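1. When you get a sec, could you give me coordinates for this:
(one chain, ligands or ions: 2)
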Amino acid sequence: MTAFLFVTDLDNTLVGDDTALKELNQKLSQHRQDHGTKIVYATGRSLFLYRQLTTEKPLLTPDALVTAVGTEIYFNPSEDNFSPEWAQVLSEKWNREQVVACAANYSDLVPQPHSEQRPFKVSYYLTPQAATEVLPQLESALQAKDLNFKLVYSGDKDLDILPIKGDKGLAVQFLRQKWGVDAKQTVVCGDSGNDIALFSVGEERGIIVGNARPELRQWYQANQTDYRYLAQAQCSGGIIEGLNHFGFLKN
Ligand code: GLC
Ligand code: MG
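-> Ligands and ions are numbered 1, 2, ... in the order given. Have a look, this model is predicted:
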């Protein structure tokens, strides 16, 4: 068996079924030890909220940690500094202050907690009812100011405004290139809107867990190929099912 690059979202993907998580942890850490497989977490959480999760759930130490919806990459999650190389890519023409000023015109956008406001991520809560009207308006307003941005709406509640080159998929592509791993030897797992970028960047093997949100299911229905797998089982159980489907865990 050869090494592969394992990339997973955390909330409601890796985390959500404690029994299956333990089983998956065991399989992955064995594979890492025997074959040099790399483990990457790609989460919407800030480093602060990631550390909080590590006190609640038994998470393996990843080989790299992607936080804040792909806008920060940590090679050592116990240190506070994220990859300056990746930050350099994102900072091109990114003007955080102007993005915040423009978004302030929409009262339906409720700012998320301070810990989730990051150098390359501006985050709000937004109801699905308001989203239908506000998202197109906000998009035109940001475009009219010629700002560099990307809107990511997840779970019918979270709106992230990111630099155009910042998302989970592009962060993983950066890691793949750095480590020289082929897309075919990479597997990405997710459950919601901010994971669509993981599945759509290239020909990575994709596992959509059985409990995936409607926005990701809809995307999957419209973009089915043999390298994307919709699991029956939920969370880590769905990941194990998908890894078996693609033959990554054979002994
Ligand atoms: C996580 C982050 C939040 C973000 C959401 C969706 O919950 O903490 O800031 O909006 O993921 O990407
Ligand atoms: Mg999730």
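
2. from memory Val99 sits against Val122, does it?
-> Yes. The pair Val99 and Val122 passes the contact test of CB atoms under 8 Å, sitting 5.5 Å apart. Bear in mind the C-beta positions are built from the backbone N, C-alpha and C, glycine included.

3. Overlap of the contact sets of these two?
-> Common neighbours of Val99 and Val122 (criterion: CB atoms under 8 Å, 6 or more residues apart in numbering): Ile161.

4. got the contact list for Ile239?
-> With contacts defined as CB under 8 Å, 6+ apart, Ile239 is in contact with 8, 13-14, 20, 24, 189, 207, 209, 231.

5. Same question for Val99.
-> When contacts are counted by CB under 8 Å, 6+ apart, Val99 touches 122, 142, 147, 149, 161.

6. Which of these scores worst on pLDDT?
-> Across those, no position has a lower pLDDT than Leu147, which has 95.

7. What number of residues are in the vicinity of Arg32?
-> For Arg32, the number of neighbouring residues by other CB atoms under 10 Å comes to 16.

8. show me where the chain has strands.
-> With DSSP state E applied, the chain shows strands at 5-8, 38-42, 64-67, 72-74, 110-111, 122-125, 150-154, 158-162, 186-190, 205-208, 228-230, listed in chain order.

9. would you turn these into TSV with mean neighbour count and distance to ligand 1?
-> As requested, the strands of the chain are exported to TSV (neighbours: other CB atoms under 10 Å; distance: least, CB to the nearest ligand atom, whole Å):
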stretch	mean neighbour count	distance to ligand 1
strand 5-8	26	14
strand 38-42	24	11
strand 64-67	26	9
strand 72-74	22	12
strand 110-111	14	10
strand 122-125	20	4
strand 150-154	19	4
strand 158-162	24	3
strand 186-190	27	11
strand 205-208	27	16
strand 228-230	20	21
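
10. Using TSV, please lay out those strands together with distance to ligand 2.
-> Conversion of the strands of the chain to TSV gives the following (distance: least, CB to the ion, whole Å):
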stretch	distance to ligand 2
strand 5-8	9
strand 38-42	10
strand 64-67	13
strand 72-74	17
strand 110-111	20
strand 122-125	14
strand 150-154	8
strand 158-162	10
strand 186-190	6
strand 205-208	11
strand 228-230	15
